[in-house]
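**Student:** sequence-free structure coming up:
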């Protein structure tokens, strides 16, 4: 009996330890190149990047409308074609985002946005199209961690350019930090 409690306690500790770990960034195909180095722009590209990012999101209205006000509970009652349209438009958004000139300091943030959108797409697929593959919930943690890294890096690296676009690019770092509390 004591051994059974010890094993269940150990399992609980290991599970909590795994769940409470801080997110680590995903690996690239080349282990010698960090995701931060993949961005091509500089601070001078920040204002154009912000405009292009929000324009790109607006261009994908089907996914954007769902993403702004998600109804995950109602997905299973939606018409299958509508669910597929959300998924396809979300995937097209991520593809379009790959073509943006991203300031190098915000590279992790841009990657985090793509991961966040992809996590939501996976969840929509799971609920409305194919429930055989559950979404990876740790992807959202990685996305938020990358977003926070990008927001903090761009504020530190490009303070003058940040004054032009506001206090943050996409999410307030203070809000992102509360995610891990």
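**Tutor:** That came through, no problem. What you see is a predicted model, and the numbers here were worked out from it, not measured in a lab.
**Student:** might you report the residue contacts of the most centrally placed residue in the chain?
**Tutor:** Taking Cα atoms, centre = their mean, the centroid of the chain lies closest to residue 116, which sits 2.3 Å from it. Shown in contact with residue 116 (Cβ atoms under 8 Å, 6 or more residues apart in numbering): 140, 143-144, 147. No exception for glycine: its C-beta is placed from N, CA and C like everyone else's.
**Student:** 7 Å instead?
**Tutor:** 140, 143, 147 (Cβ atoms under 7 Å, 6 or more residues apart in numbering).
**Student:** any idea which element it lies in?
**Tutor:** Per DSSP states H and E, residue 116 falls inside helix 107-128.
**Student:** the next helix or strand after that helix packs against which elements?
**Tutor:** Toward the C-terminus, helix 107-128 is succeeded by helix 138-157 as the next helix or strand (DSSP H and E). Helix 138-157 is packed against helix 107-128, helix 173-179, with contacts defined by 3 or more Cβ pairs under 7 Å, 6 or more residues apart in numbering; DSSP states H and E.
**Student:** in TSV, list the ones you listed along with distance to residue 136 and mean pLDDT.
**Tutor:** Putting these into TSV (distance: least, Cβ to Cβ, whole Å; pLDDT from 0 to 100) gives the following:
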stretch	distance to residue 136	mean pLDDT
helix 107-128	7	95
helix 173-179	17	91
